[in-house]
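**Q** predicted coordinates and the sequence they were generated for:
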Amino acid sequence: MRFSIMRKNYPNQMMVFPDAADRNLSPWNPEDFPEPGMNDTPVVRFRSYAKINWYLHILGLRSDGYHDIDSLVQLISLHDEIEISPSDSVDRIICNYKIPTGKNSLLIRALNGLRERNPILRRQHFSIRIRKSIPPCGGLGGGSSNVAGLLCVFSRFYPSQYALSDLSEHASTLGSDVPFFASGYSVARMQGRGEKLSPVHPGPERFLVLAFPEFGVPTKWAYREWDRRNRQYPHPGGLPTEVHALLNAGGSPNILELIRNDFEDVVFSHYPALLTLKQIMIDEGCHHAFMSGSGSTLVGVAGNDEQAQEIAESLRNRGFQALPVSTRLPESEPKNTID
């Protein structure tokens, strides 16, 4: 995530900070907030990136109602843009998509959780403007990324109020993908219900094509259907032998050998149009095509940037919504290596 701050007294001067992993940001002075009546001045502006799941294995239902998973996730160049500015008496969320904005929405729950830990914030309200490019219910983690960006911004500017452990704990209560987006990692292996993260370096540098169906797939529905199917045809549990061997070989497994998504059979059986679109992407030249998360976005792997743009244009000419993107690479030191 790339952060920028525009101070009220210097509307044409923008201070740009590297990203969420930067530990050298200056403390946020509450006086930077404009006085009531100047609410149109943006105070914090940042990008909130999408992710893809190179592989996603569902290991089983937990006693707390969540699922244990094993997944390799990576940020991609597709992103939303978010501005946070003061609000007079209530929190406001403004978005170009219809998203949850009530008191039980993730963004409001995140703000209230931050207030519980910081008395200064209890006296302030905020206007959050989101320009979404990441489609909701698309399996790209857009909502979780927005929430994690909010947590990162406030934790950077109130470091004494938010210990890293508190931030991680708060993130894990808001969604399984939130800890990854809040971690500052570009690529990580995600385990447990999503809170156990192992950074990967160097991550795969790939050019991709995203194809967006006209419908989304709710994550809760996808897990419920997986549970129903698993009762009929019990999942063996654990990683498939070949994936486990690749991850523990100590070398640099080809990312294309790891691609797998346990949701595909469940989701494709209800939405056969996705299986058709996957085959079309391969026919158009993608080396591989797969679903990210619980869908509905499909990801195609192209040979290079030029090919990704050509395939995306061909898909658009056939009436599909498609976009060329690229993976984002890690900026911190890692433990594992995958090409």
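**A** Received it, and whenever you're ready, just let me know what you need.
**Q** any chance you could map the helices in the protein?
**A** In the chain, the helices defined using DSSP state H lie at 106-117, 142-157, 164-174, 178-183, 219-232, 241-247, 263-270, 272-283, 305-317.
**Q** hmm, residue 318 is touching residue 277, no?
**A** No. Using C-beta atoms under 8 Å, residue 318 is not in contact with residue 277, being 9.9 Å away. No exception for glycine: its C-beta is placed from N, CA and C like everyone else's.
**Q** nearest the geometric middle of the chain, what residue?
**A** Nearest to the mean C-alpha position of the chain, counting by C-alpha atoms, centre = their mean, stands residue 141 at 3.5 Å.
**Q** quick one, strands of this structure?
**A** For the chain, the strands defined by DSSP state E cover 3-6, 14-17, 44-61, 67-87, 92-95, 125-131, 187-191, 196-199, 207-212, 260-261, 288-291, 298-302, 321-326.
**Q** for the third one, C-alpha coordinates in PDB please.
**A** The one in question is strand 44-61. Provided in PDB are the C-alpha atoms of strand 44-61 (Å, rounded to 0.1, in the frame of the first residue of the first chain):
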ATOM      1  CA  VAL A  44      -5.100  10.500   4.300                       C
ATOM      2  CA  ARG A  45      -5.000   8.800   0.900                       C
ATOM      3  CA  PHE A  46      -3.800   5.300   0.100                       C
ATOM      4  CA  ARG A  47      -4.100   2.400  -2.300                       C
ATOM      5  CA  SER A  48      -5.600  -0.800  -1.200                       C
ATOM      6  CA  TYR A  49      -4.400  -3.800  -3.300                       C
ATOM      7  CA  ALA A  50      -6.100  -7.000  -4.400                       C
ATOM      8  CA  LYS A  51      -4.700 -10.500  -3.900                       C
ATOM      9  CA  ILE A  52      -5.000 -13.800  -5.700                       C
ATOM     10  CA  ASN A  53      -4.800 -17.300  -4.300                       C
ATOM     11  CA  TRP A  54      -2.200 -19.300  -6.200                       C
ATOM     12  CA  TYR A  55      -3.500 -22.400  -4.300                       C
ATOM     13  CA  LEU A  56      -6.200 -22.700  -1.800                       C
ATOM     14  CA  HIS A  57      -6.800 -25.900   0.200                       C
ATOM     15  CA  ILE A  58      -9.700 -26.200   2.700                       C
ATOM     16  CA  LEU A  59      -8.600 -28.500   5.400                       C
ATOM     17  CA  GLY A  60     -11.800 -28.700   7.400                       C
ATOM     18  CA  LEU A  61     -14.500 -27.100   9.600                       C
END
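**Q** pull out the buried positions in that strand.
**A** 44-59, 61 (16 or more other C-beta atoms under 10 Å).
**Q** residue 107: how many residues sit nearby?
**A** 23 (other C-beta atoms under 10 Å).
**Q** let me redo that: residue 65
**A** Residue 65: 8 neighbours (other C-beta under 10 Å).
**Q** tell me the pLDDT of it.
**A** Listed pLDDT for residue 65 reads 86.
**Q** quick one, phi/psi of it?
**A** phi 90, psi -10 (degrees, to the nearest 10).
**Q** how about low-confidence regions in the stretch 51-200 of the chain?
**A** Applying pLDDT under 70 to the stretch 51-200 of the chain flags the ranges 159-165.
**Q** same deal with the stretch 201-339 of the chain?
**A** The stretch 201-339 of the chain contains residues with pLDDT under 70 at 232-253, 330-339.
**Q** next, the contact list for residue 143, please.
**A** 99, 106, 136, 175 (C-beta atoms under 8 Å, 6 or more residues apart in numbering).
**Q** buried among those residues? Need that as a selection in PyMOL.
**A** The following PyMOL line selects those of the contacts of residue 143 that are buried, judged by 16+ other C-beta under 10 Å:
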select buried, resi 99+106+175
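**Q** tell me which of the contacts of residue 143 is nearest to residue 122?
**A** Lowest distance from residue 122 to those (C-beta to C-beta) belongs to residue 106, with 19.6 Å.
**Q** so for stretch 60-74, what gets flagged as buried?
**A** 61, 67, 68, 69, 70, 71, 72, 73, 74.
**Q** how near is residue 54 to residue 145?
**A** According to C-beta to C-beta, to the nearest Å, residue 54 and residue 145 sit 17 Å apart.
**Q** for residue 206, that is, sorry about that
**A** From residue 206 to residue 145 the distance is 19 Å (C-beta to C-beta).
**Q** what do you get for residue 156?
**A** Residue 156 is 16 Å from residue 145, by C-beta to C-beta.
**Q** looking at these two, which one has more neighbours?
**A** residue 145 (26 against 20).
**Q** surely the more buried one touches residue 47?
**A** No. Under the criterion of C-beta under 8 Å, residue 145 is not in contact with residue 47, lying 9.3 Å apart.
**Q** one step back: distance to residue 219 for the strands of the chain - can I get that in CSV?
**A** Below are those laid out as CSV (distance: least, C-beta to C-beta, whole Å):
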stretch, distance to residue 219
strand 3-6, 28
strand 14-17, 31
strand 44-61, 12
strand 67-87, 10
strand 92-95, 19
strand 125-131, 19
strand 187-191, 14
strand 196-199, 19
strand 207-212, 17
strand 260-261, 13
strand 288-291, 12
strand 298-302, 16
strand 321-326, 21
